[in-house]
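Undergrad: Sharing a model prediction with you, sequence too.
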Number of protein chains: 2
Amino acid sequence: MAIGRSTQSTSQTPEPGAARRPSRARGIPEATVARLPLYLRALTALSERSVPTVSSEELATAAGVNSAKLRKDFSYLGSYGTRGVGYDVEYLVYQISRELGLTQDWPVVIVGIGNLGHALANYGGFASRGFRVAALLDADPTVVGNSAAGLPVRHMDELEAIVESQHVSIGVITTPPGAAQQVCDRLVEAGVTSILNFAPTVLTVPDGVDVRKVDLSIELQILAFHEQRKAGEEAGSGDSVLDRAPGPVRAAAAKLRRAAGAAKAEPVKGKPAKGTEGERSAVMPA
Amino acid sequence: MAIGRSTQSTSQTPEPGAARRPSRARGIPEATVARLPLYLRALTALSERSVPTVSSEELATAAGVNSAKLRKDFSYLGSYGTRGVGYDVEYLVYQISRELGLTQDWPVVIVGIGNLGHALANYGGFASRGFRVAALLDADPTVVGNSAAGLPVRHMDELEAIVESQHVSIGVITTPPGAAQQVCDRLVEAGVTSILNFAPTVLTVPDGVDVRKVDLSIELQILAFHEQRKAGEEAGSGDSVLDRAPGPVRAAAAKLRRAAGAAKAEPVKGKPAKGTEGERSAVMPA
DNA sequence: CCATCTTTGTGCACACGTTCACAAACACAT
DNA sequence: ATGTGTTTGTGAACGTGTGCACAAAGATGG
């Protein structure tokens, strides 16, 4: 099946009337930028197998997109192909790397060295793409001093000094949700202008700072949605009549709901709601 | 800044001419589905603070979107608000949960218990949203038998039996990239129809199976792209003239490149290419 | 040098997503 | 009851992304 286009808005806070960023400062659409790393990965694999050239069709298959899209994407970068032949692998690797800014070194700090922070610190794909872990930081004294992936875990207090001295512009937040905004503020204050947030929180940042979000829980919920649909496709779900009734009936229902809600009761004819479940993922954000 | 709309195509393989899924089987757009978990999170937070009702404006702020979008999103679910008042928090929590299929239990298997697998096993947001870890699986005998998050790590051989007996329909892949497709095939064969893939690989699956992908490396690269742009906005980058020249000049350049590439030399006037770097993230996929 | 074949680059049409802006609906006070 | 204020729900306009289909560009062989 493979859901057609999912548009998981990984970046957040489009800021209503704000900055008016046309998303293509020099003409490269966001959607294209998001696919460049995919192409790059496929191309480096080809490069390692010493394949000299590749057609849009082949590369598209390897990257999991269709060839027209790929060609259009590349056309935004310039005309790097040769008609009748295809694309020169090495050259394209270089061009895409350059476009993505991977020909330079990006020092990164990871804040919050729990399970996930550990996993990221050990992530091999880091170094191979120009990213270098400048420091691992944590607020917990029992964690500080441990080492992960050959690097010592240092205390949050050193954050500002590290960011400044190593010119860190990218920060990764893997703290529990409660600490995320605070950490974010400190990172930004220290000079970080791009943040990758793994904590399930909406971060507020000043203009000029980019935030991208990775949220396991959301991904699973989206899968569940489609899974449910597949399951329910044959078995017509017992859709409550009230819920989809129009006009006055609905209004009455709303009134009832509000009355019930005020007493903090169960949602009308709702499932048991499993005892005020909620955002309490004190364990780890992931 | 906050990049406007990022469309990180988290799901993959739209399959060119295939199935023609209008992405809205019962009328809910993909983009909306992807935001429902966000709303749900904000709503449960309000619910815990016993807030009875919330306006689209407030909720939108809490979820990090704009209010018009939120209202339109909700309008796809039905008319669950009350004009002049707002939305009943409890009721909306229930409606969204139901829509997302979270009122039922989703057993999940995690395959590949490295650093990341561990992190996910310990992830608190799992259980609180109807997801239950049915089993942790790994192929490495030295890992099998360990326990993570109170669950024993079991051997891959048990995969089929577990999926079948526990009716698992969602699988999470956190193996190294080399093993991902193989694991994926086994999961699908065993009956799993939704896969969350953390390995940096394009998975091929039969029709009817959903794949979503989470890729740290890609997220960082996208950040780097924007970071580079910010940096280069004042300092006009020394863009090679050749690269953007049109027509015949370019053709000649292409010819040269191909000649160079055949000998697997450096890309024309390229950076040192740091010794056949590449996909070799044997450490962990993340 | 010409004919043929392959593959790129792109104009165009359409689908999807976002935002505006406003009428309809409801609450509440008088 | 009626009027006033608030907030939803949505039509319509716009912007972005996708995919088709084809002309143009180059390769290749004779």
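TA: Yep, that arrived. Numbers count the residues shown, from 1 in each chain, chains lettered A, B, ... in the order given.
Undergrad: mind listing the helices for the stretch 1-150 of chain A?
TA: Residue ranges of the helices in the stretch 1-150 of chain A, as given by DSSP state H, counting those that start in this stretch, are A:30-48, A:56-63, A:67-77, A:89-100, A:115-121.
Undergrad: Could you say which of those is packed most deeply?
TA: Of all the helices of the stretch 1-150 of chain A, helix A:115-121 carries the top mean neighbour count, a mean of 26, counting by mean count of other C-beta atoms under 10 Å in any protein chain shown. All C-beta spots, glycine's among them, are computed from the backbone N, C-alpha and C.
Undergrad: what's the least confident helix or strand in chain A, going by average pLDDT?
TA: Least confident helix or strand, chain A: helix A:241-244 with a mean of 42, by mean pLDDT, DSSP states H and E.
Undergrad: pull the longest strand from chain A.
TA: strand A:131-138 (DSSP state E).
Undergrad: What strands line up against that one, and which way round?
TA: strand A:106-111 (parallel), strand A:151-155 (parallel) (DSSP bridges).
Undergrad: which one of those is the most hemmed in?
TA: For the strands paired with strand A:131-138, the largest average neighbour count (mean count of other C-beta under 10 Å) is found in strand A:106-111, namely a mean of 24.
Undergrad: what's the average pLDDT for that strand?
TA: Per-residue pLDDT values over strand A:106-111 give a mean of 98.
Undergrad: again, but for stretch A:214-234
TA: Stretch A:214-234 comes out with an average pLDDT of 91.
Undergrad: How about that stretch and chain B, touching?
TA: Yes - Stretch A:214-234 comes into contact with chain B (C-beta under 8 Å from any C-beta of the partner chain), by way of A:214-231, A:233.
Undergrad: Filter the residues you listed down to the buried ones and hand me the ChimeraX line.
TA: Selection of buried members from these for ChimeraX, criterion 16 or more other C-beta atoms under 10 Å in any protein chain shown:
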select /A:214,215,216,217,218,219,220,221,222,223,224,225,226,227,228,229,230
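Undergrad: Any regions of the stretch 1-150 of chain A where pLDDT drops low?
TA: The stretch 1-150 of chain A contains residues with pLDDT under 70 at A:1-26.
Undergrad: wait, doesn't A:V183 sit right on A:G112?
TA: Yes - using C-beta atoms under 8 Å, A:V183 is in contact with A:G112, at 7.2 Å.
Undergrad: what's the distance between stretch A:131-148 and the middle of its chain?
TA: Relative to its parent chain, stretch A:131-148 has a centroid offset of 22 Å by C-alpha atoms, centre = their mean, to the nearest Å.
Undergrad: Same question for stretch A:75-93.
TA: That offset, for stretch A:75-93, works out to 28 Å (C-alpha atoms, centre = their mean).
Undergrad: is it anywhere near DNA strand D?
TA: Yes - judged by C-beta under 7 Å from any atom of the strand, stretch A:75-93 comes into contact with DNA strand D through A:82-85.
Undergrad: Got a ChimeraX select line for the buried ones in those?
TA: Applying 16+ other C-beta under 10 Å to the residues of stretch A:75-93 next to DNA strand D leaves a buried subset, and the ChimeraX line that selects it is:
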select /A:82
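Undergrad: A:V153 against A:S147, yeah?
TA: Yes - at 6.8 Å, A:V153 counts as touching A:S147 under the criterion of C-beta under 8 Å.
Undergrad: Now for the two: what residues contact both?
TA: Counting by C-beta atoms under 8 Å, 6 or more residues apart in numbering or on different chains, A:V153 and A:S147 have no common neighbour.
Undergrad: sorry, back to before: which of A:V183 and A:G112 has more residues huddled nearby?
TA: Neighbour count, other C-beta atoms under 10 Å in any protein chain shown: between A:V183 and A:G112, A:G112 has more, with 28 against 23.
Undergrad: Quick check: that one vs chain B, distance?
TA: 11 Å (C-beta to the nearest C-beta, to the nearest Å).
Undergrad: Same check on A:A161?
TA: For A:A161 relative to chain B (C-beta to the nearest C-beta), the value is 21 Å.
Undergrad: helices or strands up against the helix or strand where that residue lies?
TA: According to DSSP states H and E, A:A161 maps onto helix A:159-165. If contacts are counted by 3 or more C-beta pairs under 8 Å, 6 or more residues apart in numbering or on different chains; DSSP states H and E, helix A:159-165 sits against strand A:106-111, strand A:131-138, helix A:177-190.
Undergrad: Give me the buried positions along that helix.
TA: A:159, A:162-163.
Undergrad: re earlier: how about the residues of stretch A:75-93 next to DNA strand D in a markdown table, adding distance to DNA strand C?
TA: Formatted as a markdown table, those follow (distance: C-beta to the nearest atom of the strand, whole Å):
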| residue | distance to DNA strand C |
| --- | --- |
| A:T82 | 6 |
| A:R83 | 3 |
| A:G84 | 3 |
| A:V85 | 6 |
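Undergrad: can you put the residues of stretch A:75-93 next to DNA strand D in CSV and add distance to B:V172?
TA: Listed next are the residues of stretch A:75-93 next to DNA strand D as CSV, based on distance: C-beta to C-beta, whole Å:
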residue, distance to B:V172
A:T82, 42
A:R83, 43
A:G84, 44
A:V85, 41
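Undergrad: ok so, going back, reformat the strands paired with strand A:131-138 as TSV; add distance to A:S50.
TA: TSV is the format used below for the strands paired with strand A:131-138 (distance: least, C-beta to C-beta, whole Å):
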stretch	distance to A:S50
strand A:106-111	28
strand A:151-155	34
